[in-house]
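In: Provided below for reference: sequence and predicted model.
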Amino acid sequence: MYKVPSARRKKRKFTPLNLIPILDVVFILIFFLLASAQLLRIFEIGSDLPIFRVSTKQDQKEDQFELKVTVNKNSVLLTNYKKGVLIKKINVTDWENEKTMKDINEALISIKKSHPDENRVVVTAQRSVSYQDLVMVLDNVRTNNQAGVKEEDKFLFRQIMFEE
Amino acid sequence: MSRKRFIRFRTRRKNKGDFHLELNSLLDVLVILLVFLIKNYTTSEVELMIPKGMQIPLSISQTVVHKGVTVQMSKDREIIISDKLVTKVQKNSWSGKDSIKIKNELMAIKDRIEQLNIESDESAPFSGVINLLMDRSIDYYHIKKIMDVSAEVGFEQFKFIVIES
């Protein structure tokens, strides 16, 4: 059947999506992010409380628990500061050894389980202990580094005080 | 007579369309780059410059750095407070002079902050925060000394600056 010219199906012309405005925005964003980017990711470990001062006898209750972490050159001691009782001693032969750090972390996790409301920790170290080793211990004191831990159980002892 | 002029050859002529630059692949690359940059973007209010040669400790901490007075201690035990070299301490020793120099500098900074706070409402009050930027080889003895001296002046919140391990 004959079709009138106006009824003929017109060929649809393919019009590609105009990506140039999107590209402009993306370029500006990338430029801004690159300009303000820190190549090194710098963070902090806070010790928010004042330097620890030995509490008076009135403050010392027998049932109270206060964790003290002593970092020595070859060991880490975990003690109940209030009672002066040694909880655990972890020998350290190599500070780079992951197993040693895991042992410290596991010991602290078990302490946290028995004292869930306790957030404070008193930290002290031998004078020759290096800053890096101290930071490694602090990492294990502050956070539960086991795999698959829930976010709410991630934190161990967050309030770090340094012994006077 | 040229070949083009024959009707039978005319249909073979191709219509040359408008030239379109293919941007899809470029956009893909840029979006990936954008996602990577956004993911690594830290919203820290402080921009710390780590001196050349200083190796700061590695940590798993994810707490962003806050404003505070920066106290640096290099591998050679040079103590720099707010970009000013204050003293150089000896290995395994700490003299009273070192303490006095650090105290004086911190006291001057504290006074300046407090004075600014009195003069202007917009300036932040004295927070007592010290950002400790130290080489990872520094021993605890020197760290403790700096903390003790700072605490005497009124700086009682210490932030150990670390990099992501």
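Out: Structure received.
In: quick check, distance from the longest strand along chain B to the centre of its chain.
Out: Using DSSP state E to define each element, chain B has its longest strand at strand B:157-164. Mean-position distance between strand B:157-164 and its chain equals 11 Å (Cα atoms, centre = their mean, to the nearest Å).
In: now check that strand, is it near chain A?
Out: Yes - judged by Cβ under 8 Å from any Cβ of the partner chain, strand B:157-164 and chain A are in contact via B:157, B:158, B:159, B:160, B:161, B:162, B:163, B:164. Bear in mind the C-beta positions are built from the backbone N, C-alpha and C, glycine included.
In: Could you find which two of those are furthest from each other?
Out: Pairwise distances across these (Cβ to Cβ) peak at 22.0 Å, for the pair B:157 and B:164.
In: between those two, which one's more packed in?
Out: Shown here are residue B:157 and residue B:164; by other Cβ atoms under 10 Å in any protein chain shown, residue B:157 has more neighbours (18 against 13).
In: which of the residues of strand B:157-164 next to chain A count as buried?
Out: For the residues of strand B:157-164 next to chain A, a burial check counting by 16 or more other Cβ atoms under 10 Å in any protein chain shown picks out B:157, B:158, B:159, B:160, B:161, B:162, B:163.
In: Apart from its neighbours in sequence, what residue is nearest residue B:157?
Out: residue B:129 (4.6 Å; Cβ to Cβ, 6 or more residues apart in numbering or on different chains).
In: Also residue B:75?
Out: Nearest residue to residue B:75 in three dimensions, chain neighbours excluded: residue B:135, at 4.4 Å (Cβ to Cβ, 6+ apart).
In: Tell me who's in contact with that neighbour.
Out: Residue B:135 is in contact with A:131, B:54, B:55, B:56, B:73, B:74, B:75, counting by Cβ atoms under 8 Å, 6 or more residues apart in numbering or on different chains.
In: Tell me how many other residues surround the first one.
Out: Other residues near residue A:131 come to 24 when the count uses other Cβ under 10 Å.
In: Spatially nearest residue to it (excluding sequence neighbours)?
Out: Distance criterion Cβ to Cβ, 6+ apart; nearest residue to residue A:131, sequence neighbours excluded, is residue B:138 at 4.7 Å.
In: What are the buried residues along the lengthiest helix in chain B?
Out: Ranked by residue count and defined by DSSP state H, the top helix of chain B is helix B:96-119. Of all the residues in helix B:96-119, those buried under the rule 16+ other Cβ under 10 Å are B:98, B:99, B:101, B:102, B:105, B:106, B:109, B:110, B:113.
In: That helix near chain A anywhere?
Out: No - contact of helix B:96-119 with chain A (Cβ under 8 Å from any Cβ) is absent, the minimum separation being 14.7 Å.
In: which among the contacts of residue B:135 end up buried?
Out: A:131, B:54, B:56, B:73, B:74.
In: Nearest to residue B:34 among those residues?
Out: Ranked by distance to residue B:34 (Cβ to Cβ), these are led by residue B:56 at 28.9 Å.
In: Before we move on, what's the pLDDT of residue B:138?
Out: Note on residue B:138: pLDDT of 93.
In: How is chain B divided into domains?
Out: B:7-39, B:58-164 (automatic domain parsing).
In: Would you mark the buried spots in stretch A:15-30?
Out: Going by neighbour count (16+ other Cβ under 10 Å), the buried part of stretch A:15-30 is A:26, A:30.
In: Mind telling me which residue is nearest the centre of chain A?
Out: For chain A, the residue sitting closest to the mean C-alpha position, by Cα atoms, centre = their mean, is residue A:143 at 5.8 Å.
In: which intervals of the chain have sub-threshold pLDDT?
Out: Since you didn't name a chain, this refers to chain A. A:1-11, A:48-63, A:164 (pLDDT under 70).
In: my bad, the chain I had in mind was chain B
Out: In chain B, residues with pLDDT under 70: B:1-18.
In: Show me the helices in it, by range?
Out: B:7-10, B:24-39, B:96-119, B:140-153.
In: Helices of chain A, start to end?
Out: Under DSSP H, chain A gives helices at A:20-36, A:98-114, A:131-142.
In: Deepest in the core, which of these is it.
Out: Burial of these is given as mean neighbour count (mean count of other Cβ atoms under 10 Å in any protein chain shown); helix A:131-142 ranks first at a mean of 23.
In: Could you check the angle that one makes with strand B:157-164?
Out: 100 degrees (axes from the mean of the first three to the mean of the last three Cα atoms, to 10 degrees).
In: This completes my enquiry, with thanks.
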